[in-house]
Structure formats: C-alpha cells, structure tokens
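> Give me a model of this one.
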Amino acid sequence: MDFTSNMSEDTRVVDLSNGLESVPVLTERSSGARTAPTFQYSPENIQGPGCTVDPCEVTLPGCSCLSHSCLTESCSCLRTHGRAYDTTGTLLNLSRTESGYSSPVFECNALCTCSDACSNRVVQMGPRVRLEVYSTKDRGWGVRTLEPIPRGMFVCEYAGEVISFDEARRRQLAQRSEDNNYIIAVREHAGTGSVTETFVDPAVVGNVGRFLNHSCQPNLYMQPVRVHSVVPRLALFAGRDIDAQEELTFDYSGGYSNQPPVELPSTQRDAAVKASRTEGLQRKECHCGASSCVQFLPLDLSILN
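Numbering: from 1, shown residues only. Modelled structure (predicted):
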C-alpha cells in the first residue's frame, strides 16, 4: 500500500518505516523543510559490535497453551514471570522500584502455542497508534501522536543496534560536540544483587524511537520487555493519558515522574551547571520546558568512566 500523498506541489506525507510497521509512521517532506537524517529503518533491535547474542534469535522457552489468550493458572510463561498486562494489553505496573532499576517483562514468544491475539503479546505486535515525526521549533526532530493514548498503552520501541559497553564507550567518546547522542543504557536488577546492562544505539539503524526527545517531565515510560530473546526490547508505554497532537517524550536517564514539576533550588541548579562538563565533554542544554528542568541532557557517566 502506498502511504505517500500529495498535500501540495512541495509537500508530501510519507511512511518513514517504508511499510515495516503495521501502522505507518508518518512524516512530511517538503522542499523547504529540515533535511531528514539518513538511517536504516528497523522495527526491532539488531546485533551490533560487541553483542554476543543475536536479538532476533529465539532463545526463550514457550508455553503450550491452546487457548485464545493465556491464563495465569495454566500458562508456564505467566506462572514463571507473572502477568504484565491486563486483558486489553495495558501495562499493569507503571511504578519504578526505589532502587532505580527496571523489572523486566516477559511476553509469550514464537515457541508458544497460544494465538497471536494473546494478551501477553503486546510489544512484539508493534505500534498500534498513529505517530508522526515532525520538525520542532527548537529541538530538531520530534514525535507526536495523532490520536489520544491511554495510560499504560504501548507506544513504540527504542530500537537499534545492541552493542557492548566498550563499543558504547568508544562511540560516545568519538562524538563531536554537534553530534546527537542516541545511545541508551538500561540497567536491570536481577534480584540477586547482579545488574544486567543493555546498550542500544539507533543512530545508523533504528526506528521511530530515535526521534523521541528528552523531557525532565516525560509522558512515556521505558520498560525492558523480553519476547523471543534474552536481549530485552526497550518498550515505551504511556505514563499518563496523552492527548492527540501532543509531543511524546521520555527521560534519557531512565527516570520517570508524572508528578507536578517543582522548581529546582538554586544550589541544585548550580550543581547541574558544574556537571555540564564531564571528562572534557560539553553537555547539551535541555530545552524540554519543564519547570523541573535540570538544564542539561542526561549523560551516562558509567560509559565514560
């Protein structure tokens, strides 16, 4: 199906995903618009330098359920990992642990015998809301929703190359001051004192998630979700009800708060300014507009040290 339509002689709407998503990712192209970045669209993670496990390989066991949708009392997946979604596919637990680490979600996978309509299959089915990549006034490209999104609904992944710690460090240190840093580091607490780290870089290969801007008071919540592989997919869910035409944002540092913003004390603002230079790198200013803004985009210091 062709999702290209002529709006005027100089403007047209195209599907940025080139048909790879079940719902097209729209963007406007015009002669006078900002030049679109060059990258390879991929709806899922791919194996990058230093990654020892192919994210596309099925490595997790499946259930033997024959029902339309899995039941907690009979499904081996749900008994082992717990139920993450309600019957509509809405994420049940949107709260973060006090330690700051994420608790992983496990979905039914390709080896499971349940149907594709199982309520434990959400992220793997791809985005279900109409999204648009557009040119913002002062933050480059951004993503907005073309329809209302209820709290807890899956929006999209942050997909790209899964790379090792060393490769993430090499790439970040090689960046110039004018380059965008797309690398996201996610840490998960395994419950036994160990921490699992995943590094995803969508700069060259990625999906619509690469265009999401940071906010110190975001409306999206990042949740690691495992589907077919032990390598998690970085899924973004609505942290609150989101209106149509609203820009979608998440906290690059991995935090989330839907509480009313508060003004930072001057001592905290001074500390933020001092932290703007780390390892000789000039951090970029944050233009999210929240009154709780810490002035600079997050920088993962563990990658640099």
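> what ranges do the helices span in the stretch 51-200 of the chain?
76-81, 165-173 (DSSP state H, counting those that start in this stretch).
> and these as TSV, adding distance to Pro224, mean pLDDT and mean neighbour count?
Where C-beta positions appear, they are placed from N, C-alpha and C, glycine not excepted. As requested, the helices of the stretch 51-200 of the chain are exported to TSV (distance: least, Cβ to Cβ, whole Å; pLDDT from 0 to 100; neighbours: other Cβ atoms under 10 Å):
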stretch	distance to Pro224	mean pLDDT	mean neighbour count
helix 76-81	12	95	17
helix 165-173	16	94	17
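> Nearest to Pro49 among those would be which one?
Among the helices of the stretch 51-200 of the chain, the nearest to Pro49 by Cβ to Cβ is helix 165-173 (4.5 Å).
> got the CA positions of that closest one in PDB?
Below are the C-alpha coordinates for helix 165-173, written out as PDB (Å, rounded to 0.1, in the frame of the first residue of the first chain):
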ATOM      1  CA  PHE A 165      29.800  -1.500  26.900                       C
ATOM      2  CA  ASP A 166      33.200  -1.000  25.300                       C
ATOM      3  CA  GLU A 167      31.600  -0.100  21.900                       C
ATOM      4  CA  ALA A 168      29.200   2.300  23.600                       C
ATOM      5  CA  ARG A 169      32.100   4.000  25.300                       C
ATOM      6  CA  ARG A 170      34.100   4.200  22.100                       C
ATOM      7  CA  ARG A 171      31.200   5.700  20.200                       C
ATOM      8  CA  GLN A 172      30.300   8.200  22.900                       C
ATOM      9  CA  LEU A 173      33.900   9.400  23.300                       C
END
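> Please shift the residue numbers so they start at 57 in all later answers.
OK, 57 is where the count begins now, so the last one is helix 221-229.
> per-residue confidence for the residue nearest to Gly118 when sequence neighbours are not counted?
Closest residue to Gly118 apart from its sequence neighbours, by Cβ to Cβ, 6 or more residues apart in numbering: Leu167 at 2.9 Å. Listed pLDDT for Leu167 reads 97.
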